[in-house]
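Undergrad: Sequence first, predicted model second:
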Amino acid sequence: YILIRHILPNIAGPLIVQLSLSLAFAILAEAALSFLGLGIQPPQPSLGRMIFDAQGFVTLAWWMAVFPGAAIFVMVLAFNLFGDGLRDVLDPKQRTSIEARRAGRG
């Protein structure tokens, strides 16, 4: 009972933030390793490999490097914002302050 009622609500926020940051870091690590040639091998698609392949064409076809880089940026930002939003929703301290404000109005 104590675990579910008191401990779990208090660790949910930091756990979700850690999970979202870990997913964002995993995306960046995979892209970096693929860019260096140490990640997913060429027949499989990878954003890091796409950026590596586009290095020689940046002056002629800039979009070959910009769009995979923008996709990495958007995915990492989305995971971070999603985790932050979930933390705000699940934070018990913030929830009690919102409930106190509602009780003061009514």
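TA: Great, that's in hand.
Undergrad: Can you show me the helices along the protein?
TA: Along the chain, the segments classed as helices by DSSP state H run 2, 8-36, 47-53, 63-90, 92-105.
Undergrad: now these as a markdown table including mean pLDDT and mean neighbour count?
TA: All C-beta spots, glycine's among them, are computed from the backbone N, C-alpha and C. Listed next are these as a markdown table, based on pLDDT from 0 to 100; neighbours: other Cβ atoms under 10 Å:
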| stretch | mean pLDDT | mean neighbour count |
| --- | --- | --- |
| helix 2 | 79 | 7 |
| helix 8-36 | 88 | 15 |
| helix 47-53 | 92 | 20 |
| helix 63-90 | 89 | 15 |
| helix 92-105 | 65 | 10 |
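Undergrad: For the residue nearest to the spatial centre of the chain, give me its contacts.
TA: In the chain, the centroid-proximal residue (Cα atoms, centre = their mean) is residue 79; its distance is 2.5 Å. With contacts defined as Cβ atoms under 8 Å, 6 or more residues apart in numbering, residue 79 is in contact with 20-21, 23-24, 27.
Undergrad: If anything else comes up later, I'll come back, but that's it for now.
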